[in-house]
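1. pasting a predicted model and its sequence here:
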Amino acid sequence: MTNKNSQPKWNDPITLATIVIAAATVINVGAALWVSIKTSEYTEITKNIYNASNRPYIGIESFEVNKDDNKHILINVHYKNFGTVPASNVKVNYDMLLDGNPGNHSNIELDDSKSNLFPQSIHNIRLKTGSYYDDIISGKHKLDVVIDIKYRGATKDIYEVNERWRYDPNHNHFHHVDASTK
């Protein structure tokens, strides 16, 4: 038996309240999901900022150039940790290029006392050219020094910097040509 005074089910106050609560719950779950995704993105950005600001950054600080009596150019390369944490397992490789062709090449294994480079500390490597002294000094041949430095920071990450410098015989110094980092 149907009561003529009864309201349809969807118009019932309890049904309407249930529908409103269900809609609010769906909206709330959607908002919570969106907040969770954004929080994850911002956490990753914050982590990257922290890692970038709390790591070693090794690069070439300067060059000293001298000439000896035996017709060699003596090069002191000063490299520095510009970062905020020590670098460990520092490995330095270099190539001396004459007109772009490989000349002297070496992998330098630093002893244990120098394989760690503390923030703002400077270490040296000493290089010496071979033949072609007169041609380099006169500017007939271009002398490039390519320095590749690999190192670790506080994490397991391995960093690498590769810098190319060219000798300017007119001013007896090296100027920066190119760099890359990994």
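-> Cool, got the structure.
2. which stretches in this protein count as strands?
-> Using DSSP state E, the strands found in the chain span residues 58-67, 73-81, 88-98, 101-109, 122-128, 143-152, 158-168, 173-181.
3. who are the packing partners of the last one?
-> With contacts taken as 3 or more C-beta pairs under 8 Å, 6 or more residues apart in numbering; DSSP states H and E, strand 173-181 sits against strand 58-67, strand 158-168. To be clear about C-beta, it is placed using only N, CA and C from the backbone, and glycine gets the same treatment.
4. and those as JSON lines, adding mean neighbour count?
-> Output for the helices and strands packed on strand 173-181, formatted as JSON lines (neighbours: other C-beta atoms under 10 Å):
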{"stretch": "strand 58-67", "mean neighbour count": "16"}
{"stretch": "strand 158-168", "mean neighbour count": "17"}
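5. related to what we said a few turns ago, I'd like the strands of the chain laid out as CSV, including distance to Ser40.
-> Below are the strands of the chain laid out as CSV (distance: least, C-beta to C-beta, whole Å):
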stretch, distance to Ser40
strand 58-67, 32
strand 73-81, 33
strand 88-98, 31
strand 101-109, 42
strand 122-128, 41
strand 143-152, 28
strand 158-168, 26
strand 173-181, 27
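6. pick the most buried one from the ones you listed.
-> Mean neighbours per residue, mean count of other C-beta atoms under 10 Å, is largest over the strands of the chain for strand 143-152, with a mean of 21.
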